[in-house]
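Colleague: let's see this in three dimensions:
(one chain, ligands or ions: 2)
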Amino acid sequence: MTRAGFAALIGEPNAGKSTLLNRMVGAKVSIVTHKVQTTRARIRGVAVHGEAQIVFVDTPGLFAPKRRLDRAMVAAAWGGVADADVVCLLIEAHRGLTDGVGAILSTLPEKVGRTPVALVINKIDKVKAETLLALSQDLNARFPFAGTFMISAEKGYGTEDLMGWLADRMPESPFLYPEDQLADLPLRMIAAEMTREKLTLRLHQELPYELTVETEGWEERQDGSARVDQVVYVARDGHKGIVLGKGGETIKQVSRAAREELAEFLGRKVHLFLTVKVRPNWLEESERYSEMGLDFRDGG
Ligand SMILES: Nc1nc2c(ncn2[C@@H]2O[C@H](COP(=O)(O)OP(=O)(O)OP(=O)(O)O)[C@@H](O)[C@H]2O)c(=O)[nH]1
Ligand SMILES: [Mg+2]
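Modeller: Numbers count the residues shown, from 1 in each chain. Ligands and ions are numbered 1, 2, ... in the order given. Okay, the predicted model is just below:
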């Protein structure tokens, strides 16, 4: 008898949810940056452990939302919890019980109901072992966690234990995805995310928040290569210049990095064309949200 189900990864922005998803799946399915609010929608990655298939659901970080996009992202994150068989709450070891974590813990009971929640203290490579025990006790006093794990998603410490524990908690079920499938994001969205990651890594301050990337065209060529056309939407005139960079240098480097990653992912040659468009109101356009995999109405 096989097992299969959903494990949702939730936590504050930057907690390492996407890093953990990629580690568990063994491939880069979700983009990772050092900046907060990198992930914008739910992203599924599939892992098989023994007789169990675990569908990991990466979610946007949980924080106090102010803008429409924030609200849609936070709603998407809690939506991941609603569908899950097990929830993993990721906490950053070196930041501990922040106000943000406190806010999550106070909302958690109403959101999870009877679904088991694992406490996953991540980034243990950044702290001394002594601090972990106190943090774990403190957190366990505030919520009846079904298990506690100390991990480093980046280094791979403790992640196999967590995987085994999750596998045991999956309901009896046939596999939900074919065994060789790692993700269920459409290719055009994976490609757009790769470009957004490279832009986010390169740009500073608020700019990454104010842009979105969409794949507008995908053409398979006779020679086996793919031509991919993407649009980078920015909200302000001034941002276009920043994205392009001096003499177009920034967009050129972003384009090269994204093209190389996409080509490796597909295992064939890619021709990537990026166009930057100013669209002052894109953060209020429902079509942009559906392209991102978000529900526009959640932001209302
Ligand atoms: N030192 C250390 N850094 C880590 C670890 N896990 C993740 N990181 C780093 O933490 C940063 C954020 O990681 P992400 O995986 O993007 O975090 P996230 O929770 O998905 O963030 P959002 O999508 O913004 O909510 C990146 O710079 C990661 O390299 C870890 O175990 N140790
Ligand atoms: Mg993320």
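
Colleague: need the next SSE after the lengthiest helix in the chain, C-terminal direction.
Modeller: For the chain, the longest helix by residue count, based on DSSP state H, is helix 249-266. As assigned by DSSP states H and E, the chain's next helix or strand after helix 249-266 is strand 270-278.

Colleague: how much space between residue 78 and residue 24?
Modeller: Residue 78 sits 21 Å away from residue 24 when distances are taken as CB to CB, to the nearest Å. Heads up, the C-betas are built off the backbone N, CA and C, glycines and all.

Colleague: ok, these two, which is more surrounded?
Modeller: More neighbours surround residue 24 than the other of residue 78 and residue 24, with 25 against 19 (other CB atoms under 10 Å).

Colleague: just confirm that one is within a helix.
Modeller: Yes: under DSSP: H, G, I helix; E, B strand; the rest coil, residue 24 sits within a helix.

Colleague: let me know whether it touches residue 57 as I believe.
Modeller: No: using CB atoms under 8 Å, residue 24 is not in contact with residue 57; the gap is 11.1 Å.

Colleague: need the strands for the stretch 151-300 of the chain, in chain order.
Modeller: In the stretch 151-300 of the chain, the strands defined using DSSP state E, counting those that start in this stretch lie at 211-220, 226-234, 270-278.

Colleague: and the stretch 1-150 of the chain, by the same measure?
Modeller: Assigned by DSSP E, counting those that start in this stretch, the stretch 1-150 of the chain shows strands spanning 3-11, 43-49, 52-58, 86-92, 117-122, 147-150.

Colleague: nearest to residue 224, of those strands?
Modeller: When the strands of the stretch 1-150 of the chain are compared by CB to CB, strand 43-49 sits nearest residue 224, at 26.8 Å.

Colleague: name the helices or strands packed onto that closest one?
Modeller: On a contact count with 3 or more CB pairs under 8 Å, 6 or more residues apart in numbering; DSSP states H and E, strand 43-49 meets helix 17-25, strand 52-58, helix 159-168.

Colleague: got the contact list for it?
Modeller: 18, 21-22, 24-27, 29-30, 53-58, 163-164, 166-167, 175-177, 179, 181-185 (CB atoms under 8 Å, 6 or more residues apart in numbering).
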